[in-house]
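> here is a sequence with its predicted model. Questions after.
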Amino acid sequence: MADSNAQPLIYLDHHATTPVLPSVLEAMTPYFCDHFGNAHSTHQWGWKGERAYNLSSQQVAKLLECKPSQVYFTSGATESLHWCLVGWSRMNKGGKILTTATEHKATYGACDFAQELGAKVQTLSVDSYGRVKIVDLIAELEKDTTPTLLTFIYGNNEIGTLNPIKEICDLKNRFPHLKIHADAAQCAGKVNLSFQELGLDYLSLSGHKLYAPKGVGALIMAEPNCIKPLFCGGGQQRGQRAGTLDVPSIVGLGAACQWAIDNMNQEKVRLLEMRNFIMDQLVDGQSVQLNGHPTERLPHNVSLTFQEITMDKLLLKLPKVGFSGSSACSSGMATVSHVLKAIGRSDQQAQQTIRIGLGHNNKFADIQYVVGQIKKILLDIKNFPSSSK
């Protein structure tokens, strides 16, 4: 007989990926077999796919407060980043790309690609919270009027810090040679975000970070034909991204955005309650330190550095709890998080850091259990230092 008191698995790694919501799967399912037509075919099978594509464009646009015609579907945020940075560099030969020291590694990969095409890339330092230093950004923009693209992460995927996006976007009024791209992979569906009101030029997101399937994302562009396409051929998506549309995945992203539209405000309150409970119960500034901004941060992120135990050892002591130390794209690699180093953490402190990513399937009772277990582990280490070995 199974133990009724056995602790269930508790997944706390929603920055790495999220489960597909039942409502999202339900919306997608008919488009695998029943409504399988090519969305660009001129018959009823194709028209059903086209209608689904148009509805998904509207759903994404409504969540991000942009126009449906500004939405371009991709295979995910990595492609969106590459398309934006490489496409912009091809359109603006000899242009300058500014980025920061706390970006996702996909951004640096895209920057390297753009640099090979002649773009000048510069990485700006950040403050101790991981935020863009506006003064340094202004100083760089004042140097010349070379066409410049700033690409920055709005909500950091490791430490949760939210960059001052309005203050950054307002700089466009002062510097007309500036274009701005925001990596919103961790923000979309978690915080209110208005593409039009902010005056962004580009925004990228990934479906599997907001309960849609892996392998789908979007790039939002303020103006048509403002960057060169990565993929050419069939002329799909207004001639900007060739390739047969993955209608089931696009429907999934649209349905996930619709879920966020309907539920984001109450879900944000629920996530904040759990996030703040973890911070209040564990952070003491000495044995446990918080990484990132204490208030200007994602509602579902907690990044903690422990004084006495590494992330690997903590995982061994909590085998039924899923969390990580940094970006899932870097796990398994023998490197220290560049994000943690950028905000002043040592190599040792980086190894003693965990990232908790809360999500829709987490309950407050689960969080209470995990916090209680971590407290017990820390108390054992204090009383019996050898227990951390």
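Sure thing, it's come through.

> do you know the pLDDT at residue 387?
We note a pLDDT of 59 for residue 387 in this prediction.

> again with residue 346
96.

> now do residue 328
As predicted, residue 328 sits at a pLDDT of 50.

> pull the residues that contact stretch 122-140.
By C-beta atoms under 8 Å, 6 or more residues apart in numbering, the residues outside stretch 122-140 that reach it are 96-102, 150, 152, 156, 159, 161, 163-164, 167-168, 171, 291-293, 296, 339, 342-344. All C-beta spots, glycine's among them, are computed from the backbone N, C-alpha and C.

> redo that, cut-off 7 Å
Under the criterion C-beta atoms under 7 Å, 6 or more residues apart in numbering, residues 96, 98-102, 152, 156, 159, 161, 163-164, 167-168, 171, 292-293, 339, 342-344 lie in contact with stretch 122-140.

> where does pLDDT dip in the stretch 51-200 of the chain?
By pLDDT under 70, the stretch 51-200 of the chain has no low-scoring segment.

> what are the ranges of the strands in it?
71-74, 96-100, 120-124, 148-153, 178-183 (DSSP state E, counting those that start in this stretch).

> partners of the first one in the sheet?
In the sheet containing strand 71-74, its partner strands are strand 217-221 (antiparallel), by DSSP bridges.

> next: the third one.
Strand partners for strand 120-124, identified by DSSP bridges, are recorded as strand 96-100 (parallel).

> contacts for stretch 20-30?
211-213, 248, 251-252, 255-256, 259.

> any buried residues in it, and which?
20-21, 24-25, 27-28 (16 or more other C-beta atoms under 10 Å).

> for these, give me TSV that also has pLDDT, distance to residue 284 and secondary structure.
Converted to TSV, these look like this (pLDDT from 0 to 100; distance: C-beta to C-beta, whole Å; DSSP: H, G, I helix; E, B strand; the rest coil):
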residue	pLDDT	distance to residue 284	secondary structure
20	98	38	coil
21	98	36	coil
24	98	40	helix
25	98	42	helix
27	98	45	helix
28	98	45	helix
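
> show me the domain layout of this protein.
10-19+264-383, 22-259 (automatic domain parsing).

> coming back round to it: so which of the strands of the stretch 51-200 of the chain is nearest residue 287?
Across the strands of the stretch 51-200 of the chain, residue 287 has its closest neighbour in strand 148-153 (29.0 Å, C-beta to C-beta).

> need the CA coordinates for that closest one. PDB is fine.
Provided in PDB are the C-alpha atoms of strand 148-153 (Å, rounded to 0.1, in the frame of the first residue of the first chain):
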ATOM      1  CA  THR A 148      21.900  51.900 -32.200                       C
ATOM      2  CA  LEU A 149      19.900  49.000 -31.000                       C
ATOM      3  CA  LEU A 150      19.600  48.400 -27.300                       C
ATOM      4  CA  THR A 151      18.700  44.900 -26.300                       C
ATOM      5  CA  PHE A 152      17.900  44.200 -22.700                       C
ATOM      6  CA  ILE A 153      16.200  41.600 -20.500                       C
END
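
> of all the residues in stretch 207-224, which ones are buried?
In stretch 207-224, the ones that count as buried by 16+ other C-beta under 10 Å are 207-222.

> tell me which of the residues you listed is nearest to residue 279?
residue 209 (21.9 Å).

> that closest one and residue 296, how far apart?
Separation of residue 209 from residue 296 (C-beta to C-beta, to the nearest Å): 19 Å.

> residue 175 too?
Taking C-beta to C-beta, one finds residue 175 at 24 Å from residue 296.

> residue 363 too?
From residue 363 to residue 296 the distance is 26 Å (C-beta to C-beta).
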